[in-house]
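1. Give me the fold of what follows.
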Amino acid sequence: MSVEFYTSTPKTLLNEFDKRISQSEPKGKINTWLKEGDYYTHKADDWTKKAWFLPRVESGKLVFNIIKPKGSNVSSIVYGYYHGHLTETFLNHFDQLFKHSSSTALASTGDRCSS
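-> Next up, the predicted model:
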């Protein structure tokens, strides 16, 4: 259950994501994601902290693994929402910084989504 963004500059892509989340200028700011430590969660009231993403920089790609919150698993509905919205965010803000993305349908290396 990971999202992968294929790019020759994965660290730059992650840095730009962080920069847009934390910037004070409204133009271009990402308001839908919250960063807490190394983890990201969606900010919408109905979805916040239902799951987390933990990024990992690899050669040729930036990988976001899904992490369950303490005391619960990640449902397929939450999985779909988080993966869809992360991909949408990257398409809207960083389409020039990656070639393509993919989402796994089931758990993959690095995911922690169930007990």
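
2. Going by neighbour count, list what's buried in stretch 16-29.
-> Buried residues in stretch 16-29, counted by 16 or more other C-beta atoms under 10 Å: 16-17, 20-21. C-beta coordinates here come from the backbone N, C-alpha and C atoms, glycine included.

3. What distance separates the opening and closing residues of it?
-> 11 Å (C-alpha to C-alpha, to the nearest Å).

4. From the rest of the structure, what touches it?
-> Stretch 16-29 is contacted by residues 30, 33-35, 40, 89-90, 93-94, 97 when judged by C-beta atoms under 8 Å, 6 or more residues apart in numbering.

5. circling back: filter the buried residues of stretch 16-29 down to the ones in helices?
-> Among the buried residues of stretch 16-29, the residues falling in helices (DSSP state H) are 16-17, 20-21.

6. In contact with G80, which residues?
-> Counting by C-beta under 8 Å, 6+ apart, G80 touches no other residue.

7. May I ask which helix or strand encompasses it?
-> Here G80, judged by DSSP states H and E, is contained in helix 76-94.

8. Need the CA coordinates for that helix. PDB is fine.
-> In PDB, the C-alpha atoms belonging to helix 76-94 read as follows (Å, rounded to 0.1, in the frame of the first residue of the first chain):
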ATOM      1  CA  SER A  76      -9.500   0.100   2.100                       C
ATOM      2  CA  ILE A  77     -11.600   3.300   2.100                       C
ATOM      3  CA  VAL A  78      -9.000   5.200   4.000                       C
ATOM      4  CA  TYR A  79      -6.300   3.600   1.900                       C
ATOM      5  CA  GLY A  80      -8.000   4.800  -1.300                       C
ATOM      6  CA  TYR A  81      -8.600   8.300   0.000                       C
ATOM      7  CA  TYR A  82      -5.100   8.800   1.200                       C
ATOM      8  CA  HIS A  83      -3.500   7.400  -1.900                       C
ATOM      9  CA  GLY A  84      -5.800   9.300  -4.300                       C
ATOM     10  CA  HIS A  85      -5.300  12.600  -2.500                       C
ATOM     11  CA  LEU A  86      -1.500  12.300  -2.300                       C
ATOM     12  CA  THR A  87      -1.300  11.600  -6.000                       C
ATOM     13  CA  GLU A  88      -3.700  14.500  -6.700                       C
ATOM     14  CA  THR A  89      -1.500  16.800  -4.600                       C
ATOM     15  CA  PHE A  90       1.600  15.800  -6.500                       C
ATOM     16  CA  LEU A  91      -0.100  16.200  -9.900                       C
ATOM     17  CA  ASN A  92      -1.400  19.600  -9.000                       C
ATOM     18  CA  HIS A  93       1.800  21.000  -7.500                       C
ATOM     19  CA  PHE A  94       4.800  19.000  -8.800                       C
END
